[in-house]
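Asker: after the sequence you'll find the predicted model.
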Amino acid sequence: MKKTTLTFSLLMALCMVFTSCSKDDDEQPEQENYALGEIPGLGDASGELTSAPFNLPQGIELLDEIEGFDFTSEYWNFTGGSASLNVQTKRAPLKNTFVQKSVRTKSHETYHYFGSGCNLVDLLIPMTNNNSVATTVNFPAGTILKSRTGDTQNGVLIKKVSITIPAKTDYYLYLSFYCGNANRDAAGTGDVYDLGVVSNAHPIIVLCNKVKNKKINIEDFSPELSNYMIYTTQAIRLQDIIWSITDGEGMSEEDISYINSLPNS
């Protein structure tokens with residue numbers, strides 16, 4: 001009888017452990033050890049993006065297509081101490097600009113700005129929460145959104161982004177990604193994207209793990225010009241590192257040292 005009780009208790013404990021692990025949002029897929037520059041769907045490599053598809057939580061739906069989106073000053077108001085955003089082009093890093101995590105457009109929709117990138121793959125993801133409670137949407141590190149036509153760059157997220165959408169509310173997420181295909185065009189207005197995968201490519205996962213606790217996402221910074229310039233400088237350097245993985249020969253010791261030097265979030 002004691003043996004049965006002990007076995008049952010042990011099984012229950014193991015069950016609790018496995019249940020806890022299965023709910024870990026940071027759990028990563030089983031890795032595929034693709035060679036550098038040969039990750040399907042990235043760089044110039046042929047084939048489709050691999051790994052499990054990225055899906056939105058139950059009750060969260062897209063309101064419309066996911067499209068490239070260029071911000072210009074017309075989308076900003078000088079109210080409540082906010083400042084205007086002046087985006088030069090979709091191909092150039094932002095310079096001398098100010099950003100905050102949400103902006104109000106002339107149509108009175110608020111766009112919430114998250115993620116990290118060089119304005120090469122900036123996507124508007126319009127969602128609605130059909131649930132009767134606020135719902136968190138997690139975009140894990142390694143999430144890749146796919147260009148529908150394949151003519152523009154696939155977007156790679158290297159650090160997790162979490163947002164919470166209030167119950168019965170529409171939410172317009174402006175999510176910045178890094179470019180995963182150096183030789184393709186940047187994402188612009190009208191370029192349509194699909195929810196892709198959470199990458200299982202070992203070189204991508206290695207990079208994601210290195211920046212996991214680093215201050216690289218726009219939401220990690222307070223909305224001040226000096227901070228945004230720091231963010232932009234980092235994003236330019238990180239984009240080069242990503243291209244070294246997707247289109248080149250991999251991270252150098254200098255790249256790794258740079259990542260290690262970044263402040264923790």
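Answerer: Sure, I can see it.

Asker: from the chain's centroid, how far away is stretch 200-210?
Answerer: Centroid separation between stretch 200-210 and its chain, computed with CA atoms, centre = their mean, to the nearest Å, is 14 Å.

Asker: brain fart, stretch 51-59
Answerer: For stretch 51-59, the distance to the chain centre is 14 Å (CA atoms, centre = their mean).

Asker: residues in contact with it: which ones?
Answerer: Identification of contacts with stretch 51-59 by CB atoms under 8 Å, 6 or more residues apart in numbering yields 29, 32, 62, 127, 129-131, 135-137, 139-140, 142-145, 195-201. All C-beta spots, glycine's among them, are computed from the backbone N, C-alpha and C.

Asker: just the buried residues from these, in ChimeraX please.
Answerer: To isolate the buried ones among those in ChimeraX, judged by 16 or more other CB atoms under 10 Å, type:
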select :29,32,127,129,131,135,137,139,140,142,143,144,145,195,196,197,198,199,200,201
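
Asker: among the contacts of stretch 51-59, name the ones in strands.
Answerer: Among the contacts of stretch 51-59, the ones falling in strands (DSSP state E) are 62, 127, 129, 135-137, 139, 143-145, 195-198.

Asker: can you check the pLDDT for the residue lying closest to Glu219 once chain neighbours are set aside?
Answerer: In space, not counting the residues next to it along the chain, Glu219 is nearest to Phe114; the distance is 5.1 Å by CB to CB, 6 or more residues apart in numbering. pLDDT recorded at Phe114 is 91.

Asker: same check, this time on Phe8
Answerer: 32.

Asker: kindly report the same for Ala186.
Answerer: pLDDT, read off for Ala186, is 93.

Asker: now the one 3 residues further on
Answerer: Confidence per residue is given as pLDDT, and for Thr189 that number is 87.

Asker: if it is in a bridge, with which residues?
Answerer: Bridge pairing for Thr189 (DSSP bridges) gives the partners Gly68.

Asker: just confirm it contacts Glu65, I think it does.
Answerer: No: the criterion here is CB atoms under 8 Å, and Thr189 misses it with Glu65 at 11.7 Å.

Asker: returning to what we had before: need the contact list for the residue nearest to Glu219.
Answerer: 101, 161, 163, 173-176, 217-219.

Asker: one more time with 6 Å, if that's ok
Answerer: Contacts for Phe114 (CB atoms under 6 Å, 6 or more residues apart in numbering) come out as 161, 175, 219.

Asker: again with Ala187
Answerer: Contacts of Ala187 by CB under 6 Å, 6+ apart are 68, 121, 152.

Asker: likewise Gly115?
Answerer: 161, 175-176, 217.

Asker: could you redo the last one with a cut-off of 8 Å?
Answerer: Gly115 touches 139, 157, 159, 161, 175-177, 217-219, counting by CB under 8 Å, 6+ apart.

Asker: what do you get for Leu238?
Answerer: Counting by CB under 8 Å, 6+ apart, Leu238 has contacts 116, 158, 178, 211, 216, 259.

Asker: hmm, the fourth one is touching Ile259, no?
Answerer: Think Val211. Yes: Val211 lies in contact with Ile259 (CB under 8 Å); the separation is 6.1 Å.

Asker: circling back to that earlier point, okay, the contacts of Ala187 in CSV with neighbour count and distance to Gly43 next?
Answerer: Shown next, in CSV, are the contacts of Ala187 (neighbours: other CB atoms under 10 Å; distance: CB to CB, whole Å):
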residue, neighbour count, distance to Gly43
Gly68, 23, 20
Val121, 30, 14
Thr152, 22, 14
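
Asker: from the residues you listed, which is closest to Ala235?
Answerer: Val121 (11.6 Å; CB to CB).
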